[in-house]
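Peer 1: A predicted structure for the sequence below; I have some questions about it.
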Amino acid sequence: MITSNSIRMEKVCYSIGGRTILEDFDFRLDQGVNRTILGVSGAGKTTILKLLLGLLEPDSGKIFIGDLQITGLAESSFMQQRRRIAIVFQGGALFDSMTVGENVGYRLFEEGQLSLAEITNIVLEKLTFVGVEAALDLYPSELSGGMKKRVAIARALAADPDYIFFDEPTTGLDPIGVYNICKLMLRLQVEGKTTLMVTHDLATAFATSQRFTFLHTARMLFEGSEAEMKVCSIPEVREFLKPTDGSLFI
């Protein structure tokens with residue numbers, strides 16, 4: 001049953017340049033269930049996020065945000081539903097010509113529904129939540145990699161979404177940066193946000209999620225808990241968890 005508290009893909013197929021990325025792919029993200037999609041680089045994990053956001057159109061199949069099927073709809077027809085979702089891109093995707101404060105408030109300024117004072121309060125609140133309020137007037141070029149990721153999270157929070165998607169959030173960070181991002185994700189979950197992360201970083205995945213989807217050769221090979229994954233007998237899953245010299249993914 002599709003409810004207003006779930007995001008869902010049904011039998012989704014997607015290909016590009018003759019390469020099949022997803023084939024008859026089923027996926028469900030229920031509110032309150034924090035999930036990670038695992039797979040090797042290039043497996044199609046980020047493509048799933050873009051499809052769920054309506055940034056890409058599947059070749060076939062159905063995608064729902066809540067009770068609304070977004071496949072085949074013009075973007076303007078599901079903007080209100082998509083407001084429930086925010087994404088933190090792998091590189092942060094901050095605007096270099098804007099200050100940190102302007103980046104965080106960008107979506108609110110564009111929507112034009114709040115006063116400058118209201119937006120300023122929200123921006124400061126979200127920057128304080130992620131611990132970088134002192135960077136308000138700095139530019140992205142003046143920030144470390146970890147700070148950029150935290151600013152990107154603050155920007156995602158500014159519109160008060162129900163779901164936050166993370167695309168490889170710890171890539172390129174040192175151990176302290178990874179720790180901080182994991183702690184932030186857990187704080188978001190305590191605040192009632194549902195997180196969906198795509199990554200190949202097992203430590204981050206197991207530290208922040210309760211459910212796991214393993215993507216391989218365009219299909220979901222596994223769905224379950226960490227405990228279930230660690231005793232899974234599927235060769236591709238076992239090889240991903242403990243690579244050997246004869247890796248299946250070479």
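Peer 2: Yep, that arrived. Because the structure is predicted, anything quoted here is derived from the model rather than measured.
Peer 1: What is the end-to-end distance of stretch 89-99?
Peer 2: Stretch 89-99 has an end-to-end distance of 18 Å (C-alpha to C-alpha, to the nearest Å).
Peer 1: which residue sits closest to E57, ignoring its sequence neighbours?
Peer 2: Distances taken as C-beta to C-beta, 6 or more residues apart in numbering place T71 nearest to E57, at 7.0 Å, with adjacent residues excluded. No exception for glycine: its C-beta is placed from N, CA and C like everyone else's.
Peer 1: what ranges do the strands span in the chain?
Peer 2: 6-16, 19-30, 35-38, 60-65, 68-69, 85-88, 163-167, 194-199, 211-216, 219-224 (DSSP state E).
Peer 1: what's the fourth one in contact with?
Peer 2: To tie it back to what came earlier, the one meant is strand 60-65. By C-beta atoms under 8 Å, 6 or more residues apart in numbering, the surrounding residues in contact with strand 60-65 are 2, 6-13, 24-25, 51-52, 54, 69-71, 78, 81-82, 84-85.
Peer 1: and these, which are buried?
Peer 2: For those, a burial check counting by 16 or more other C-beta atoms under 10 Å picks out 2, 6-10, 12, 25, 51-52, 54, 70-71, 78, 81-82, 84-85.
Peer 1: Quick one: the helices in this structure, in order.
Peer 2: Counting by DSSP state H, the chain has helices at residues 45-53, 79-82, 100-111, 116-129, 145-158, 175-190, 202-208, 226-230, 235-241.
Peer 1: Using CSV, list the CA coordinates for the second one.
Peer 2: Right, helix 79-82. Extracted in CSV, the C-alpha atoms of helix 79-82 (Å, rounded to 0.1, in the frame of the first residue of the first chain):
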residue,chain,number,x,y,z
MET,A,79,6.8,20.5,-6.8
GLN,A,80,4.8,20.6,-3.6
GLN,A,81,5.4,16.9,-2.9
ARG,A,82,9.1,17.3,-3.8
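Peer 1: how far out from the middle of the chain is that helix?
Peer 2: Here helix 79-82 is found 16 Å from its chain centre; the criterion is C-alpha atoms, centre = their mean, to the nearest Å.
Peer 1: any idea of the mean pLDDT for that helix?
Peer 2: For helix 79-82, mean pLDDT rounds to 82.
Peer 1: Then the first one?
Peer 2: Helix 45-53 shows an average pLDDT of 93 in the prediction.
Peer 1: how far away is the residue nearest the centre of the chain from A159?
Peer 2: Nearest to the mean C-alpha position of the chain, by C-alpha atoms, centre = their mean, lies F165 at 1.9 Å. As judged by C-beta to C-beta, to the nearest Å, F165 and A159 stand 13 Å apart.
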